[in-house]
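Asker: Predicted model and sequence follow; I will ask about them next.
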Amino acid sequence: MQRLSRRELIALLASAPVLRAARSTPASPVAIGRCPAYGPGVETVLATMMDQLGGLSGLVANKTVTVKLNLTGSPGIRFQGKAPGLTHYVHPTVAFALVSLLDRAGARRIRLVESGYATNAPLEEYLLDSGWNVRALCSLSKNLEFEDTNFLGSGKTYHRFPVPGGGAIFPAYDLNHSYADTDVFVSLAKLKNHATCGVTLSIKNLFGITPASIYGDDAGVAEPNENPGSGRVRTCHEGKREPSKSAPRELNPASSRDPGHRMPRIVSDLAAARPVHLAIIDGVETLAGGEGPWIQGVRAVKPGLLIAGRNSVNTDTIATAAMGYAPRATRGAKPFLNCDNTLLLAEGLGIGSASLRDIEVRGLALHDALYSFG
């Protein structure tokens, strides 16, 4: 494992282009935990981190908690034959630990959500195909539910989420009811690079909350298509077509089609429209160099980390630094070589600070958590 010293961290951050926040933005503590392997120790580490952030009970007791998983790509796509949880999926052990802790903290209802890769099938089937022991997962809480948010699911209508300030690409997004019918929203993400956005963390995880029925390859023209053949790729976000006419139109169809311009803005707008109350990032084992096995040059790495915070921008800022990058780097500097910096865009929306000097780190010190992703 390649580590950076405290001196190297300071030099790295000092060498990056710096843009100060245009206005005061929120900052809350972020906890880092050392977790060398998936196993029973994950829950112990995560429980300690939740205590370091003020405890779970005050946040979730007697409330509905929706947890957005990060399960990117088909379960059948493997890197070096490894289980997806060891490379590009959130590992089931982390999800199990979180469900157990939420139940013990008194959550009234726990709903796991994700946009499945292909057909309109129950999320439980997608988890089974991914190697999850769903029966064991359900035994952790009698209040556990599942929802594939690519479609209407158990809801009767989609819920519209306006983007504060009017939005950069779309003024609002129509989403599955699960993202509105909740008191607490959790982004359970993976510590990874991303070919388009530089990093995949708790904010980028929100890209998957937009339903394929409206924004995907096979989205309906007038109304959402609830029975697409496939189509997790959100072609509308790439600017290749308009979403279903039932949803808000793109603000400026003549704007840049560059993915490095569009995707960071869509992601930051989603983080403003559907704020995250708790961000948890699985960095025990993961990939460097991209978000999945379909990206050329990815490699398996073992940072041995869990990172969590109550503010998504603050949490992703610390996670980005832990990967060996300057969180305030501008386009053209690693990891944002071909894209705008989502952290800075989200900071500009007032979601949270992307400056390390503003964020208190609890648990493992940042310089002890550093793992170079290249």
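Answerer: Arrived safely, thanks for sending. Residues are numbered from 1 along each chain as shown.
Asker: can you map out the strands along the stretch 201-350 of the chain?
Answerer: 278-283, 286-288, 299-301, 305-309 (DSSP state E, counting those that start in this stretch).
Asker: Same list, those, but as a markdown table with mean neighbour count, mean pLDDT and distance to Val361 please.
Answerer: All C-beta atoms are positioned from the backbone trio N, CA, C, and that covers glycine. A markdown table is the format used below for the strands of the stretch 201-350 of the chain (neighbours: other Cβ atoms under 10 Å; pLDDT from 0 to 100; distance: least, Cβ to Cβ, whole Å):
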| stretch | mean neighbour count | mean pLDDT | distance to Val361 |
| --- | --- | --- | --- |
| strand 278-283 | 27 | 98 | 14 |
| strand 286-288 | 24 | 98 | 20 |
| strand 299-301 | 17 | 98 | 21 |
| strand 305-309 | 27 | 99 | 9 |
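Asker: Can you get me a residue count around Gln80?
Answerer: 10 (other Cβ atoms under 10 Å).
Asker: same question, Leu191
Answerer: 28.
Asker: got a list of what the residue nearest to it when sequence neighbours are not counted touches?
Answerer: With Cβ to Cβ, 6 or more residues apart in numbering as the criterion, Leu191 has its nearest non-adjacent residue at 3.2 Å, and that residue is Gly283. Counting by Cβ atoms under 8 Å, 6 or more residues apart in numbering, Gly283 makes contact with 190-191, 303-307, 319, 322, 371.
Asker: 7 Å instead, please
Answerer: 191, 303, 305-307 (Cβ atoms under 7 Å, 6 or more residues apart in numbering).
Asker: From Ala354, how far off is it?
Answerer: According to Cβ to Cβ, to the nearest Å, Gly283 stands 19 Å off from Ala354.
Asker: do Gly73 as well
Answerer: 28 Å.
Asker: higher neighbour count, the two?
Answerer: Ala354 (26 against 17).
Asker: Next, give phi and psi for that one.
Answerer: phi -110, psi 20 (degrees, to the nearest 10).
Asker: Can you name the residues that contact it?
Answerer: So Ala354 contacts 313, 317, 327-328, 343-344, 347 (Cβ under 7 Å, 6+ apart).
Asker: Would you confirm that Arg362 belongs to a helix?
Answerer: No: counting by DSSP: H, G, I helix; E, B strand; the rest coil, one finds Arg362 to be strand, located in no helix.
Asker: does it really touch Pro29, like I thought?
Answerer: Yes: contact criterion Cβ atoms under 7 Å: Arg362 and Pro29 qualify, at 5.1 Å.
Asker: would you list the contacts of Ala354 in a markdown table and tack on pLDDT?
Answerer: Output for these, formatted as a markdown table (pLDDT from 0 to 100):
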| residue | pLDDT |
| --- | --- |
| Val313 | 98 |
| Thr317 | 98 |
| Pro327 | 97 |
| Arg328 | 96 |
| Leu343 | 98 |
| Leu344 | 98 |
| Glu347 | 97 |
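Asker: if we can go back for a sec, which one of the contacts of Gly283 sits closest to Leu69?
Answerer: Leu191 (14.5 Å; Cβ to Cβ).
Asker: right, and the closest one touches Thr320 too?
Answerer: No: if you go by Cβ under 7 Å, Leu191 and Thr320 don't touch, sitting 9.6 Å apart.
Asker: which intervals of the stretch 1-150 of the chain have sub-threshold pLDDT?
Answerer: For the stretch 1-150 of the chain, the stretches with pLDDT under 70 are 1-24, 118-119.
Asker: all helices in it, in order from the N-terminus.
Answerer: Using DSSP state H, counting those that start in this stretch, the helices of the stretch 1-150 of the chain run over 6-15, 41-52, 57-60, 92-104, 123-129, 134-138.
Asker: deepest of these, which one?
Answerer: helix 92-104 (a mean of 22; mean count of other Cβ atoms under 10 Å).
Asker: contacts for it?
Answerer: 38-39, 42-43, 46-47, 50, 56, 60, 65, 67, 69, 85, 110, 132, 137, 140-141, 143-144, 188, 280, 282.
Asker: Output stretch 155-171 in CSV with nothing but the alpha carbons.
Answerer: What follows is stretch 155-171, C-alpha atoms only, in CSV (Å, rounded to 0.1, in the frame of the first residue of the first chain):
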residue,chain,number,x,y,z
GLY,A,155,-45.5,4.3,-5.6
LYS,A,156,-48.4,5.7,-7.6
THR,A,157,-46.6,8.7,-9.0
TYR,A,158,-43.1,10.2,-9.3
HIS,A,159,-42.1,13.0,-7.0
ARG,A,160,-40.7,16.2,-8.4
PHE,A,161,-37.5,17.6,-6.8
PRO,A,162,-36.8,21.2,-7.8
VAL,A,163,-33.1,22.2,-7.9
PRO,A,164,-32.6,25.2,-5.5
GLY,A,165,-31.5,28.2,-7.6
GLY,A,166,-33.0,26.8,-10.8
GLY,A,167,-30.5,24.2,-11.8
ALA,A,168,-27.6,24.0,-14.3
ILE,A,169,-28.9,21.4,-16.7
PHE,A,170,-32.5,20.6,-15.6
PRO,A,171,-34.6,22.8,-13.3
